[in-house]
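In: Provided below are the primary sequence and the corresponding predicted coordinates.
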Amino acid sequence: MWMWGDRFILASEHGFVDWGWGSSRNHTYPAIDDVPMDIVICDWHYDVAPPTPRYFVGKGFATIASVWDKQPVAMTYLNMMRELAADTDASAAARRAGLC
């Protein structure tokens, strides 16, 4: 199963302020520790590029960075995913599932 990752994120813990839909504003973020590990997290952020793919990979989830129409954000996520692919922790690198 693939799930959007936004409700598993507390924006202030990841260095960004979210005034819209990009994070949990109703305290659902702790659920990340309760969902099955075989879920693929689709980490979407369209206006900013917080380092949340590393967070999800670090939690043990296969992660896809999902972008939209802002080239600088997309390029930042592409570089983040490339860095994860080159991670010296092979299991973390394997959980980097790509960019869409």
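Out: Okay, I see it. Numbering: from 1, shown residues only.

In: residue at max distance from the center of the protein?
Out: Distance from the centre of the chain peaks at residue 88, with 19.2 Å (CA atoms, centre = their mean).

In: you'd agree that one is in a strand?
Out: No - assigned with DSSP: H, G, I helix; E, B strand; the rest coil, residue 88 falls outside any strand and is coil.

In: how close does it sit to residue 25?
Out: Distance of residue 88 to residue 25, given as CB to CB, to the nearest Å: 35 Å. C-beta here means a position set from N, CA and C on the backbone, and glycine is covered the same way.

In: residue 19 in helix, strand or coil?
Out: For residue 19, the secondary structure call by three-state DSSP comes out as coil.

In: so what pLDDT did it get?
Out: Note on residue 19: pLDDT of 70.

In: equivalent analysis for the one 10 residues further on, please.
Out: You'll see residue 29 listed with a pLDDT of 93.

In: what sits against the closest residue to it other than its chain neighbours?
Out: Among residues not flanking residue 29 along the chain, residue 10 sits closest, at 4.4 Å (CB to CB, 6 or more residues apart in numbering). With contacts taken as CB atoms under 8 Å, 6 or more residues apart in numbering, residue 10 has the following neighbours: 23-24, 29.

In: burial count for residue 49?
Out: Residues near residue 49, counting by other CB atoms under 10 Å, number 21.

In: check the offset of the helix ranked longest in the chain from the chain's centre.
Out: Of all the elements of type helix in the chain, the one with the most residues (DSSP state H) is helix 71-85. The offset between the C-alpha centroid of helix 71-85 and the centroid of the whole chain comes to 11 Å, using CA atoms, centre = their mean, to the nearest Å.

In: elements contacting it?
Out: Applying 3 or more CB pairs under 8 Å, 6 or more residues apart in numbering; DSSP states H and E, one finds that helix 71-85 makes contact with helix 52-58, strand 62-66, helix 90-95, strand 96-99.

In: tell me what angle that helix forms with strand 62-66.
Out: Helix 71-85 and strand 62-66 are oriented at 160 degrees to each other (axes from the mean of the first three to the mean of the last three CA atoms, to 10 degrees).
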